[in-house]
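Asks: Sequence and predicted structure, then a few things I'm wondering about:
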Amino acid sequence: MKCDEIKEMMLDVAAGAGEATPAMNDHLRGCADCASKLAAMRQTMSLLDEWQAPEPSPYFDTRLAARMREERAKPVRSAWLSWFRAPALAGALALVLMVAGGIRWFGTQPPVPVAQAPAPLGTAVGDLQVLDKNEDLYANFDVLDDLQVQPDVDADQNETP
């Protein structure tokens with residue numbers, strides 16, 4: 001057996017709730033660390049068995065009853081506030097929640113739609129908008145192949161010395 005397995009069973013064996021198995025006895029003979037832990041647990045258990053809780057003093061009950069009578073006899077300050085405080089706080093909280101809900105419900109205006117201006121040509125958004133509007137025209141790319149392509153103006157200017 002391994003030390004981890006022995007540690008799980010050690011408390012039961014030390015308390016007398018379980019019996020040591022032959023495999024556990026073999027391990028304890030070979031492992032001084034586990035054997036010393038088991039001996040320490042058995043010693044602790046025997047000390048706990050001998051210990052007795054102290055008895056309360058003979059006048060404990062009498063003093064406790066006198067103290068409870070004193071506490072009950074103390075006058076309660078602002079007794080009329082004690083019954084008024086809880087409903088008043090609950091009402092104030094309800095009022096605050098209703099006002100906040102009213103502000104949230106009636107205070108917001110519906111969003112006004114913003115008219116979208118067409119994006120300028122030459123930008124990606126503008127080009128996509130043009131393609132979207134002229135979808136039928138650009139659907140057939142064979143038509144684009146038949147178009148005459150003009151040479152670039154900037155290229156012509158750079159070629160002439």
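Replies: In hand now; what should we look at?

Asks: For the longest helix anywhere in the chain, name the packing helices and strands.
Replies: Taking DSSP state H as the assignment, the helix of the chain that covers the most residues is helix 79-107. Under the contact criterion of 3 or more C-beta pairs under 8 Å, 6 or more residues apart in numbering; DSSP states H and E, helix 79-107 touches no helix or strand at all. In short, each C-beta sits where N, CA and C put it, glycine included.

Asks: and after it, which helix or strand comes next?
Replies: Beyond helix 79-107 in the direction of the C-terminus, DSSP states H and E gives the next helix or strand as helix 124-133.

Asks: pLDDT of the one helix or strand A14 maps to, averaged?
Replies: Per DSSP H and E, A14 falls inside helix 3-15. Averaged across helix 3-15, the pLDDT comes to 82.

Asks: Could you give me the buried positions within it?
Replies: For helix 3-15, a neighbour-count test (16 or more other C-beta atoms under 10 Å) marks I6, M9, M10, V13, A14 as buried.

Asks: what do you get for stretch 36-52?
Replies: K37, L38.

Asks: That one - what's its average pLDDT?
Replies: Here the average pLDDT along stretch 36-52 is 88.

Asks: Excluding its own residues, what touches that stretch? List them.
Replies: With C-beta atoms under 8 Å, 6 or more residues apart in numbering as the test, stretch 36-52 has contacts from K7, M10, L11, V13, A14, A15, G16, L28.

Asks: Would you format the residues you listed as JSON lines with distance to K37 included?
Replies: Below are the contacts of stretch 36-52 laid out as JSON lines (distance: C-beta to C-beta, whole Å):
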{"residue": "K7", "distance to K37": "8"}
{"residue": "M10", "distance to K37": "7"}
{"residue": "L11", "distance to K37": "10"}
{"residue": "V13", "distance to K37": "11"}
{"residue": "A14", "distance to K37": "9"}
{"residue": "A15", "distance to K37": "14"}
{"residue": "G16", "distance to K37": "16"}
{"residue": "L28", "distance to K37": "10"}
